[in-house]
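Q: give me coordinates for this.
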Amino acid sequence: MTTTTLAVLVPLLPFLGAAAGLLLGRTAPGYVRPLAVLPSLTSLALAVLVAVRQGGGQAINAATELTPTGSVPIELALHIDGFAALVAVLVGVVASCVQIYSTGYLRDDPRYPSYAALVSLFTSAMLLVVYSGDLIVLLVGWEVMGICSYFLVGHYWETPEARAASIKAFLVTKLGDVPFLIGLFALGTDAGSFRITTVLGTVASGGLHHPTLIALLLLAGVAGKSALFPLHTWLPDAMAGPTPVSALIHAATMVAAGIYFVARLLPVFQASSAAMVVLAVMAAVTMAGSALAALAQDDIKRVLAYSTIGQLGYMAGALAVGDRGAAVFHLLSHGAFKALLFLAAGVIIHASGTNSLAVMSRMTGLRSRVPDAYWTMTVALLALAAIPPFSGFFSKEAVLGAAEHVATGHTEHAPGSAGWIVLVAGLVTAVLTAAYATRLWLLAFHGRGVEAPAHGKEPRSMTVVLWVLAVPSLAFGLAYGPLPDWFDGRDLTPVLTTSVLGTGLALVGGIVTYGAWRHTTALAPRVPMGAVVAHPDAEPAQVEAEAIASHAPVFGDVAYAPDPADPGRLLLGPLHRHAAVGFHLDAVYNVLFVRPVQAGAALVRFLDREVVDTYVRGAAALPRLLGAAVRRAQTGNVQTYVSALLAGTVVLVVAALLVATGA
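A: Numbering: from 1, shown residues only. Purely as a prediction, here's the structure:
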């Protein structure tokens, strides 16, 4: 079987699995789990085989014209280079792990068949994006992922949070997709083709007529899909969906698509220095702002969501300094440990019965209840904090090293200002990342108070997956040696200066957070979990007074104050309340966009009701009055009709005589 045929099967098999799962979900429920897991595993095996055959060498290209357009052709094309081959393997690994994990996590969910089918379709769409050699076909996978995210985030549609989160995710990403689509059309028009190889050839020959405009339009779509500032606000709210969906979206699909797109078309963005500086600023604000927000979150999944935004900022920063090898290296490394973090968080949530870190900090013995999640999450958090020798250290240092090279003028792949912006923001974020990773670990696993609830042993399908993902989280970074052969030959060896700075700052962040935790724990009174109950229906003042007096967290349907032993409160100080709500960006967008749209809709409704409808009603009034007059003349009296007939006849005769006389 040819490599091209194998590559076609990689996205096709999950698509067929999704179609079969939707058709047989109700009539043959016994086939749902095999149809969810087996196509993903087979697709993974084929993706590995394609990667082995590609070998990091010459790109594999194949194309056939999809349909004649009369102008710029649309082709069903494959373009598989080293980046595409390895990213497809990542997608296959994470998707397979998520499907296996979900068989245990959602084993009692009545909507599991549709969920599993949508996950397969999601996987197929991302693989289409990865392998596609034509921008319009890539756009199809791009948009299919958007609709899949809408349904999967809203899986628990009974809850208002899930419904709102799914709508927000769809609308915010679509807000970026509109300029993205315009940018694709402009790019295809300038290049005379949507084929990626042709587009890159046009860029190399200087054939782009509007490089800055095209790059900025495309960046809008990338910001929406990959949750970069300022279109990142949908991602934390998307945590209302099932935890395995969060792992899939954050590790290998959706948010990875935008970064991968820029990496594949990086020369288009490098053609405009202004676009590279804009991308650097977006990356800097994204990574630093999200790290501050993560330090203030109480929901364990929202901490990880803001963490994902920060790591995407690192990837965007690597692209802003012109090093797509470092960006994709961190994308692959992050995909492994972030999938592990979310799936381990799912085990912890299942065991503790809550998402709240404040509640977990009031529990003792949680780590002994879930030893698999404890040890594997520890590995993943060390990778996230970029502590050597874990994978995140090598991939993050590749980003910082690339920024340092540009900042010091050792390379001309990007403006020097972009290098300094990314380098400074990256080092600041290294401190904050270690801080919120340490905070999460301490609050989740080192609480004091009531005994953690016993929910029994977790399904093996959930725990085995954690150990599978722990291997690349620990060891993948060591691949920095052979990876340059797959990534344009760029050296990914850690730079001594940034390695020492980054690791030192990460250790400082972790140690300071540990000290703050010890300090707040020693000072905070430890109250039994149910000491004071303030029901949500109580008066707000009463809830606040009782909660503050009890120093108790949120648990179930009971409203409590945040835990005063949270080190994030001490570290952030007055900034904490702003960081906890994402620095009020949602409120800003509400003022700038939501309220004007609502005001415009109200105006249109008023004009339609008071102006347009007035004319419509007026146009109908005259026929209605004439009809009423005619109706009154219809008395049903024959004598009246005969009299009217005679009177009319007389009138006609008189009129005729007058006319004749006048003639």
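Q: residue 430 and residue 387 touch, don't they?
A: No. The pair residue 430 / residue 387 is not scored as a contact, 10.5 Å apart, by C-beta atoms under 8 Å. Where C-beta positions appear, they are placed from N, C-alpha and C, glycine not excepted.
Q: who has more neighbours out of these two?
A: Of the pair residue 430 and residue 387, residue 430 is the one with more neighbours under other C-beta atoms under 10 Å, namely 28 against 18.
Q: roughly how far apart are the more buried one and residue 507?
A: 10 Å (C-beta to C-beta, to the nearest Å).
Q: could you do residue 193 as well?
A: Between residue 193 and residue 507 the computed distance is 51 Å (C-beta to C-beta).
Q: quick one: buried residues of stretch 190-209?
A: Using 16 or more other C-beta atoms under 10 Å as the test for burial, stretch 190-209 gives 190, 191, 193, 194, 195, 196, 198, 199, 200, 202, 203, 208.
Q: that older thread, mutual contacts of residue 430 and residue 387, please.
A: The contact sets of residue 430 and residue 387 overlap at residue 506 (C-beta atoms under 8 Å, 6 or more residues apart in numbering).
Q: could you check the pLDDT of the closest residue to residue 577 other than its chain neighbours?
A: Spatial nearest neighbour of residue 577, chain neighbours left out: residue 296 (7.9 Å); criterion: C-beta to C-beta, 6 or more residues apart in numbering. Here the pLDDT value assigned to residue 296 is 94.
Q: kindly report the same for residue 557.
A: The model's pLDDT for residue 557 equals 43.
Q: please confirm that residue 77 is located within a helix.
A: No. In this structure, residue 77 is strand, not part of a helix, as judged by DSSP: H, G, I helix; E, B strand; the rest coil.
Q: dig out what it forms beta bridges with.
A: For residue 77, the beta-bridge partners are residue 63 (DSSP bridges).
Q: do you know how far residue 235 is from residue 293?
A: Separation of residue 235 from residue 293 (C-beta to C-beta): 11 Å.
Q: same deal with residue 183?
A: 29 Å.
Q: more neighbours: these two, which one.
A: Neighbour count, other C-beta under 10 Å: between residue 183 and residue 293, residue 293 has more, with 28 against 23.
Q: the more buried one: what's it in contact with?
A: By C-beta under 8 Å, 6+ apart, residue 293 lies in contact with 236, 306, 579, 580, 582, 583.
Q: sticking with the residue nearest to the last one when sequence neighbours are not counted, tell me its helix or strand.
A: It refers to residue 583. Spatially, and ignoring its direct neighbours in sequence, residue 583 is nearest to residue 289 (6.5 Å; C-beta to C-beta, 6+ apart). In this assignment (DSSP states H and E), residue 289 forms part of helix 273-294.
Q: then that helix to PDB, C-alphas only?
A: This file holds the C-alpha atoms of helix 273-294, laid out as PDB (Å, rounded to 0.1, in the frame of the first residue of the first chain):
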ATOM      1  CA  SER A 273       7.800  42.500   9.900                       C
ATOM      2  CA  ALA A 274       4.800  44.300  11.300                       C
ATOM      3  CA  ALA A 275       2.800  41.000  11.500                       C
ATOM      4  CA  MET A 276       5.700  39.300  13.300                       C
ATOM      5  CA  VAL A 277       5.800  42.100  15.900                       C
ATOM      6  CA  VAL A 278       2.000  41.900  16.300                       C
ATOM      7  CA  LEU A 279       2.300  38.100  16.800                       C
ATOM      8  CA  ALA A 280       5.000  38.700  19.400                       C
ATOM      9  CA  VAL A 281       2.900  41.100  21.300                       C
ATOM     10  CA  MET A 282      -0.100  38.700  21.200                       C
ATOM     11  CA  ALA A 283       2.100  35.900  22.400                       C
ATOM     12  CA  ALA A 284       3.600  38.000  25.300                       C
ATOM     13  CA  VAL A 285       0.200  39.200  26.600                       C
ATOM     14  CA  THR A 286      -1.200  35.800  26.200                       C
ATOM     15  CA  MET A 287       1.400  33.900  28.200                       C
ATOM     16  CA  ALA A 288       1.900  36.400  31.000                       C
ATOM     17  CA  GLY A 289      -1.800  37.400  31.400                       C
ATOM     18  CA  SER A 290      -3.000  33.800  31.400                       C
ATOM     19  CA  ALA A 291      -0.400  32.700  33.900                       C
ATOM     20  CA  LEU A 292      -1.500  35.400  36.300                       C
ATOM     21  CA  ALA A 293      -5.100  34.300  35.800                       C
ATOM     22  CA  ALA A 294      -4.200  30.600  36.400                       C
END
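Q: thank you kindly, that will do.
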